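Visitor: sequence below, structure please.
(chains A, B, C and D)
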There are 2 protein chains.
Amino acid sequence: MARRYAGGVDGNRSLERGIEILRAFRPGVDTLGNGEIAERTGLPRSTVSRLTRTLVNSGMLDEVRSERAYRLAASVISIGHAMRTGSPVLNAIGPMMRAESARRRLNVGLATADRTMMVYLESIRYSPRAALRNVVAGQQVPMELTSLGRAYLAGITETERERLLKQFKRRSAAATRALLAEVRRSISAVERDGYCAVSWQPAVLAVATPIVLDGLPVYALNMSLQNVERSDALASELGAYLNAFAAKCKEVLGDREPK
Amino acid sequence: MARRYAGGVDGNRSLERGIEILRAFRPGVDTLGNGEIAERTGLPRSTVSRLTRTLVNSGMLDEVRSERAYRLAASVISIGHAMRTGSPVLNAIGPMMRAESARRRLNVGLATADRTMMVYLESIRYSPRAALRNVVAGQQVPMELTSLGRAYLAGITETERERLLKQFKRRSAAATRALLAEVRRSISAVERDGYCAVSWQPAVLAVATPIVLDGLPVYALNMSLQNVERSDALASELGAYLNAFAAKCKEVLGDREPK
DNA sequence: CCCTTAATTCCACTTAGTGGAAACGCCCGG
DNA sequence: CCGGGCGTTTCCACTAAGTGGAATTAAGGG
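Guide: This is a model prediction of the structure:
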């Protein structure tokens, strides 16, 4: 059969489950035992036991005998590296992002969606002490709360967007009404100004804009500054930088029409 | 059943196959169609079709409709990030590695094995233009040709080592005899001096040492210099730096006995 | 517009996977 | 040193989930 097991349309249940197990590991949960995995994924313990064994054999998990637990193995970063290496967008504009970060003395990031989170393909953290400049990849930030995420939402299709908005409602019961309005306002801002500005973390001002290309997922590009008060003037200055930079990027990416 | 499908001891065949598909993507092969995947993995085309569909649904692959192909999705770097975040070794000595790179003005790397390749958890590339210092994770280098790999081989168990040496034979029919002798010489060097030196790439001299901890895979730590002629004097200077640094690292990692 | 090539769907077959229950083994406290 | 409890792995009967060759459909190319 293979088509449609309990609920799904088609696909392979075991593989889906195995991936779900890998996903259970996240920053903050470094090791997980079979029990915990079973709990988090809702899978029967015996099934988890078999799947983790397979993942160990395939090199995706390391077994920590002493703790009767598992942790993600190095293979996953090999694959992650292959992903970054193969990303045409990152390849095209990564160097430009570094240059721009140095030139403008601010943080520049490129991200796309992973379910309801935004994940950085690259986040260049500007620091006055240039030697400490930090490049991070893979970090996740919540879609609905960040400029990055809202720019992304502005870039995807109506139906996709509504689907995601529903999921936000489901997860944060609190402040939903106000938050959703916020999100929609940011989306309008993108449509009007090309970017949206959000101060998600205390003294950080961030602006972001979507990058829509043919045959690729929607990306979002952001710029941010730490240790500043949010002000409209600053936001529009950043926004102008971002729009200019995004325009340059789109030139480089020119062969893929926006629609 | 589930135990022992055609050859395997136990585990889940579909999951194994799905992982193998993910593994087929590597630096240089950014997109793959179902046909190519089938070829590379030896799986029947219909099976590949179903598994790739599942991987898309699980967010591990993006579909590139225009090319009838797939590419690794952003999720894989989220998981990669979680792996790095959860690595106790990287957490403990990562900052020290950065400091050491700056202090000694050389490259410092930490790696472990992924099958027969070494994969960097972190590779800090020193550049005289400090602002351009580059940190890479996930890159792979061949185990048998690099100081990193040979240090790793020196750190693992006899049986593991022999298993790997056999695999090297299998893959590079050429130069096998001489190469294996080389490898064994490097391993002896590690046992004698604490490190081994190899010039894998043209003008790069690298030294490496294993890090053996309880309940964790074996790691290897390396230091390297570009644009130098290989000389024994330089090698032993680097080796001394490395030994000193590794000793410091082991202090920090002290709670895990070497055996 | 037809032909080639590749991906997807179909479907009968059966094995590979499943999960509850039992066995195991580890760790802790007595 | 010896139970007792808890989490993990193994067992096993059941059968649905997965398989893969063949048919079908869809996508370029001439």
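Visitor: can you name the residues that contact residue A:219?
Guide: Under the criterion of Cβ atoms under 8 Å, 6 or more residues apart in numbering or on different chains, the contact list for residue A:219 reads A:89, A:110, A:111, A:112, A:121, A:152, A:155, A:210, A:211, A:213. Where you see a C-beta, it was placed from the backbone N, CA and C, and this is true even at glycine.
Visitor: the fourth one against residue A:118, yeah?
Guide: Yes. Proximity of residue A:112 to residue A:118 meets the contact threshold set by Cβ atoms under 8 Å, at 7.1 Å.
Visitor: which of the two has more neighbours?
Guide: Each of residue A:112 and residue A:118 has its neighbours counted (other Cβ atoms under 10 Å in any protein chain shown); residue A:118 has more, 31 against 25.
Visitor: tell me the spacing between that one and residue B:30.
Guide: 22 Å (Cβ to Cβ, to the nearest Å).
Visitor: could you do residue A:214 as well?
Guide: From residue A:214 to residue B:30 the distance is 16 Å (Cβ to Cβ).
Visitor: who has more neighbours out of those two?
Guide: Set side by side, residue A:214 and residue B:30 show more neighbours around residue B:30, with 19 against 13, by other Cβ under 10 Å.
Visitor: count the residues that sit near residue A:28.
Guide: Count around residue A:28 with other Cβ under 10 Å applied: 8.
Visitor: give the contact list for the residue lying closest to it once chain neighbours are set aside.
Guide: Distances taken as Cβ to Cβ, 6 or more residues apart in numbering or on different chains place residue B:85 nearest to residue A:28, at 7.7 Å, with adjacent residues excluded. Taking Cβ under 8 Å, 6+ apart, we find residue B:85 in contact with A:27, A:28, A:30, B:91.
Visitor: quick one, helices of the stretch 51-200 of chain A?
Guide: A:75-86, A:88-104, A:147-155, A:158-171, A:176-193 (DSSP state H, counting those that start in this stretch).
Visitor: what about residue A:241, helix or strand, and which?
Guide: helix A:232-252 (DSSP states H and E).
Visitor: of the contacts of residue B:85, which is the nearest to residue A:40?
Guide: Checking the contacts of residue B:85 against residue A:40 by Cβ to Cβ gives residue A:28 as the nearest, at 12.6 Å.
Visitor: need the pLDDT of that closest one.
Guide: If you check residue A:28, the pLDDT there is 92.
Visitor: tell me how far it lies from DNA strand C.
Guide: To DNA strand C, residue A:28 is 23 Å away according to Cβ to the nearest atom of the strand, to the nearest Å.
Visitor: then residue A:36?
Guide: 16 Å.
Visitor: quick one: contacts for that residue?
Guide: residue A:24.
Visitor: next: residue A:92.
Guide: With Cβ under 8 Å, 6+ apart, residue A:92 has these contacts: A:249, A:252, A:253.
Visitor: what's the neighbour count on residue A:105?
Guide: Other residues close to residue A:105 by other Cβ under 10 Å number 12.
Visitor: separation between the residue lying closest to it once chain neighbours are set aside and residue B:113?
Guide: Distances taken as Cβ to Cβ, 6+ apart put residue A:126 closest to residue A:105, at 5.6 Å, once the chain neighbours are dropped. With distances taken as Cβ to Cβ, residue A:126 is found 35 Å from residue B:113.
Visitor: residue A:109 is in contact with residue A:207, isn't it?
Guide: No. The criterion here is Cβ under 8 Å, and residue A:109 misses it with residue A:207 at 10.8 Å.
Visitor: who touches both of those two?
Guide: Common contact partners of residue A:109 and residue A:207 (Cβ under 8 Å, 6+ apart): A:222, A:223, A:224.
Visitor: ok, and for the helix or strand where the first one lies, which residues are buried?
Guide: In this case it means residue A:222. Using DSSP H and E, residue A:222 falls within strand A:219-225. For strand A:219-225, burial by neighbour count (16 or more other Cβ atoms under 10 Å in any protein chain shown) applies to A:219, A:220, A:221, A:222, A:223, A:224, A:225.
Visitor: just checking: what are the partner strands of it?
Guide: Strand A:219-225 has its sheet partners listed here by DSSP bridges as strand A:107-114 (antiparallel), strand A:205-211 (antiparallel).
Visitor: state the distance from the closest residue in space to residue A:135 that isn't next to it in sequence to DNA strand D.
Guide: Setting aside the residues directly before and after it, residue A:135 is nearest to residue A:124 in space (Cβ to Cβ, 6+ apart), at 5.5 Å. Taking Cβ to the nearest atom of the strand as the measure, residue A:124 falls 36 Å from DNA strand D.
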